[in-house]
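Participant: just a sequence and a predicted model for now, questions to come.
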Amino acid sequence: PPRAPAQAPAAPRPAAPIASRPMPRIETPAPAPAAPAARSEAEVVPASVMAEIRALRQIVEQHMAGFAWGETARNEPVKTELLRQMLDSGFSPQLARELLDDLPHELDARQAQAWARGAADRALRTLGSDHDIIERGGVFALVGPTGVGKTTTTAKLAARCVLRHGASKLALVTTDGYRIGAHEQLRIYGRILGVPVHLVKDGDDLRQTLAELSHKHMVLVDTMGMSQRDQMVTEQIGMLSACNVQRLLLLNATGRGDTMDDVVRAYRGGGLAGCILTKVDEAASLAPALDVAMRHGLKLHYVSNGQRVPEDLHLPNRAYLLHRAFKDAPESSPHRFAGVEPGLVMASAGVAAVGGRRG
């Protein structure tokens, strides 16, 4: 019998769709931290070597200063000698250089000395009369470090006011309640002058007291003395400024120039009305104190030369003060400069012997 035809092969079944799978995340390793850069040669120089380098530099600068001083002495002998005299007297290298910058070359020694005093006279600001304080009146506080003479000077000013206007026009205030017997000293002066003395403890007390004394022609405030490095100086300045009290800074004429610089910087916050120079009778030279007043632009109101009240308080006599300031040190003085020493002092202060400050 005939065979049945063979069946066609079945069509292949379509493959089942492959489910999509998320691609595996390939973690990229973080880059390794860069190796620290090699330290520069200067950073690995031992401290001892750096100290030697600084010492060598100082030696070179001193030698250069000596050469410059010698060159200046040959080219400008009058100016060089006058500069030495000013340093001997106690003027700072900075002010001495500034005052002599425009010294004419044709002057002889005597003329140069007179020219320098004239330059200092123009730089020194002084009170010409009592008008600004005693006549005009107002509220003034005497401020400054311990022992500079604030209480005695307050009494001297008080006596001048009483002599001019009478005791009823003046009041005395003290903020010095810390030192034992401090306010009692002012009370003694007050009783002698017939002037009431008020003790205040803080800013609010001062404000209230001054409001009650507003009818007075003049009020003088004696303050507590403290080191210029004491943080309470800032508080004292703030208290007085908040009450619109004008401040007069007392400078000790026997002090060093750099110390007085510190005092001015500490007490001048908010502005000073001026300064009073004390212990003038005890000072060997007035150059350091006048130097500070000139460089800081402080108006000199009075000078005090003793403890007597009120005799030892005077208006500034400019001729006398500058004579004392420019008085040359004796030949035998151990503080007198010799040879190239002035040049070394100028170099250490950063001031060139000629041509202004070193760059």
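Facilitator: The structure has been received and is ready for your questions. Numbering: from 1, shown residues only.
Participant: residue 240 contacts residue 141, correct?
Facilitator: Yes - Residue 240 is within contact range of residue 141, at 5.2 Å (criterion: C-beta atoms under 8 Å). Bear in mind the C-beta positions are built from the backbone N, C-alpha and C, glycine included.
Participant: now for the two: what residues contact both?
Facilitator: Common contact partners of residue 240 and residue 141 (C-beta atoms under 8 Å, 6 or more residues apart in numbering): 221, 223, 247.
Participant: what's the spacing between the second one and residue 269?
Facilitator: So the one you mean is residue 223. 14 Å (C-beta to C-beta, to the nearest Å).
Participant: more neighbours: which of the two?
Facilitator: Shown here are residue 223 and residue 269; by other C-beta atoms under 10 Å, residue 223 has more neighbours (22 against 14).
Participant: contacts only, for that one.
Facilitator: Taking C-beta under 8 Å, 6+ apart, one finds 141-143, 150, 174-176, 236, 240 in contact with residue 223.
Participant: how does it look with 6 Å?
Facilitator: 141, 143, 175 (C-beta atoms under 6 Å, 6 or more residues apart in numbering).
Participant: filter those down to the buried ones, PyMOL style.
Facilitator: This is how PyMOL selects the buried members of those, with burial counted by 16 or more other C-beta atoms under 10 Å:
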select buried, resi 141+143+175
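Participant: got the phi and psi for residue 171?
Facilitator: phi -140, psi 150 (degrees, to the nearest 10).
Participant: over to residue 167?
Facilitator: According to degrees, to the nearest 10, residue 167 has phi -70, psi -30.
Participant: now the strands for the stretch 151-300 of the chain?
Facilitator: 170-174, 197-199, 218-222, 246-252, 274-278, 300-304 (DSSP state E, counting those that start in this stretch).
Participant: tabulate the contacts of residue 223 (TSV), appending distance to residue 54.
Facilitator: Listed next are these as TSV, based on distance: C-beta to C-beta, whole Å:
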residue	distance to residue 54
141	45
143	40
175	47
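Participant: so the chain: which segments form each domain?
Facilitator: If you go by automatic domain parsing, the domain ranges for the chain are 53-124+331-348, 140-315.
Participant: averaged pLDDT, the longest one. What do you get?
Facilitator: Domain 140-315 carries an average pLDDT of 91.
Participant: okay, the domains of the chain in JSON lines with distance to residue 324 next?
Facilitator: Listed next are these as JSON lines, based on distance: least, C-beta to C-beta, whole Å:
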{"stretch": "domain 53-124+331-348", "distance to residue 324": "9"}
{"stretch": "domain 140-315", "distance to residue 324": "4"}
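Participant: give me whichever of those domains is most buried.
Facilitator: domain 140-315 (a mean of 19; mean count of other C-beta atoms under 10 Å).
Participant: show me what contacts residue 318?
Facilitator: Contacts of residue 318 (C-beta under 6 Å, 6+ apart): residue 126.
Participant: ok, and the closest non-adjacent residue to residue 250?
Facilitator: residue 144 (3.7 Å; C-beta to C-beta, 6 or more residues apart in numbering).
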